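K.L.:
Sequence plus the predicted model coming up.
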Amino acid sequence: MPQLHVAAAGSLLEFALEEIPSHGVGRITSIFMYPMTFSEYLIASGSENLEKLIRQSSPRNPPDSVFHEKILDKLKIFQVIGGMPETVATYLKHRDFSRCQKVLNDLITTIIDDFAKYKERVPVIKLQEVFYSTFNQVGGKFKYSWVSPPGGSTSGYKDALELLINAGIVHRIFHTAARGLPLGAQVSDRKFKILPMDTGIYQRILGLDLSEHIVSDFNSLINRGYLSELFVGLELISHQSPYLHPQLYYWHREAKSSNAEIDYVISSREHIIPIEVKAGTKGQMQSLHIFLSERDLPWGIRISGENFATYANIKTIPIYAISQVFA
């Protein structure tokens, strides 16, 4: 029945499709779905006016400082609860973080219970160890040796990580040399970072101090841990085409006298765009300046708690306006 349209959804869908001997090239369209973005959260919470303000803002037309601070306050809440629909719905109904934490606890338990479905491929204990380690290694190069106790075997961890990636529970961000396009042609298979799929689950597993997070100044908060770096990465992934596997990269130069790292590197309209997640001022963007100089690029982006601004060849975009990176 070629005229019959069938829709299927689920976190384990890719595994189900693997069991089908052949389903015909060109007969299936894949759409990748993620937890809610900050823009979607604003709309769901009845703040469509703020979401529209963000879309209409730019370095030439920044939002008023009052609205800027108001949006940052809402972002701090979103970072804590995350974008899982049930958690968002619970918060918007009850405005109670403890209820949201319980929903996140249930989600985490369900994810771990689901590991039993993979047991024919990888031992459940290996999946659990890799799962928890991905949260502890956010912000740095992922190392299998950090999953096991000192002196322990790392056998099976690679297969476990691949299963978590295929299930959409975590995302892999490859290192790229970024000397030209496509960025994916210059990756190192052994150098990559891992991003858990949701900031709410991340903060719950790591035990973030919610009260401190909510009342802290955003510019001091953004450098405390890797919650904001994770948030930016997930937003960059979610704002890409839903019809393609997420593509996001980073760059790191390891040298004795000159270490440099760019948090994220993307390509847009045939341009390479380096992105740093920082809270400091103009004088604290050495890595970005090094990268721009070495790759002879006209400009880069700094994501921070500041309002829209431009410093020479650095464009500052507020952390709540990640969608504007592609604009």
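P.N.:
Perfect, I can see it now. Residues are numbered from 1 along each chain as shown.

K.L.:
Please confirm that Gln3 is located within a strand.
P.N.:
No - counting by DSSP: H, G, I helix; E, B strand; the rest coil, Gln3 falls outside a strand, being coil.

K.L.:
What are the buried residues along stretch 142-157?
P.N.:
142, 147-148, 156-157 (16 or more other Cβ atoms under 10 Å). Where C-beta positions appear, they are placed from N, C-alpha and C, glycine not excepted.

K.L.:
Over to stretch 106-117?
P.N.:
107, 111, 115.

K.L.:
rewinding a little: out of the buried residues of stretch 142-157, which is nearest to Asn313?
P.N.:
Nearest to Asn313, judged by Cβ to Cβ, of those is Phe142 at 31.4 Å.

K.L.:
Looks to me like that closest one is in a helix.
P.N.:
No - under three-state DSSP, Phe142 falls outside any helix and is assigned coil.

K.L.:
Do you know the pLDDT at it?
P.N.:
If you check Phe142, the pLDDT there is 96.

K.L.:
Nearest spatial neighbour of it, chain-adjacent residues omitted?
P.N.:
Ile194 (4.8 Å; Cβ to Cβ, 6 or more residues apart in numbering).

K.L.:
Pipe the buried residues of stretch 142-157 into CSV and attach secondary structure per row.
P.N.:
Output for these, formatted as CSV (three-state DSSP):
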residue, secondary structure
Phe142, coil
Val147, coil
Ser148, coil
Gly156, coil
Tyr157, helix
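
K.L.:
Just the buried residues of stretch 266-276, please?
P.N.:
266-267, 272-276.

K.L.:
can you tell me the average pLDDT over stretch 275-293?
P.N.:
78.

K.L.:
what about it, how long is it end to end?
P.N.:
Its first and final residues considered, stretch 275-293 spans 14 Å by Cα to Cα, to the nearest Å.

K.L.:
Next, the buried residues of that stretch.
P.N.:
So stretch 275-293, judged by 16+ other Cβ under 10 Å, has buried residues 275-279, 285, 287-288, 290-292.

K.L.:
what does stretch 157-169 give?
P.N.:
157, 160-161, 163-164, 166-169.

K.L.:
Please name the residues that touch the residue lying closest to Ile31 once chain neighbours are set aside.
P.N.:
Spatially, and ignoring its direct neighbours in sequence, Ile31 is nearest to Pro242 (5.0 Å; Cβ to Cβ, 6+ apart). Neighbour list for Pro242: 31-33 [criterion: Cβ atoms under 8 Å, 6 or more residues apart in numbering].

K.L.:
sorry, back to before: looking at the buried residues of stretch 266-276, which are in strands?
P.N.:
266-267, 272-276 (DSSP state E).

K.L.:
Show me where the stretch 201-327 of the chain dips below the pLDDT cut-off.
P.N.:
218-225, 256-257, 279-283 (pLDDT under 70).

K.L.:
Strands of that one, residue ranges please.
P.N.:
Listed in chain order, the strands of the stretch 201-327 of the chain (DSSP state E, counting those that start in this stretch) span 249-253, 260-268, 271-277, 300-304, 309-311, 314-318.

K.L.:
now the helices for the stretch 201-327 of the chain?
P.N.:
Ranges of helices in the stretch 201-327 of the chain, per DSSP state H, counting those that start in this stretch, are 210-215, 218-221, 227-238, 286-295, 323-326.

K.L.:
ok, the residue nearest the centre of the chain to Ser188 distance?
P.N.:
Taking Cα atoms, centre = their mean, the centroid of the chain lies closest to Leu234, which sits 2.3 Å from it. Applying Cβ to Cβ, to the nearest Å, the value for Leu234 to Ser188 is 22 Å.

K.L.:
Out of the buried residues of stretch 275-293, flag the one nearest to Pro123.
P.N.:
Val277 (35.6 Å).

K.L.:
Contacts only, for that closest one.
P.N.:
222, 228-229, 232, 263-264, 302-304, 319.
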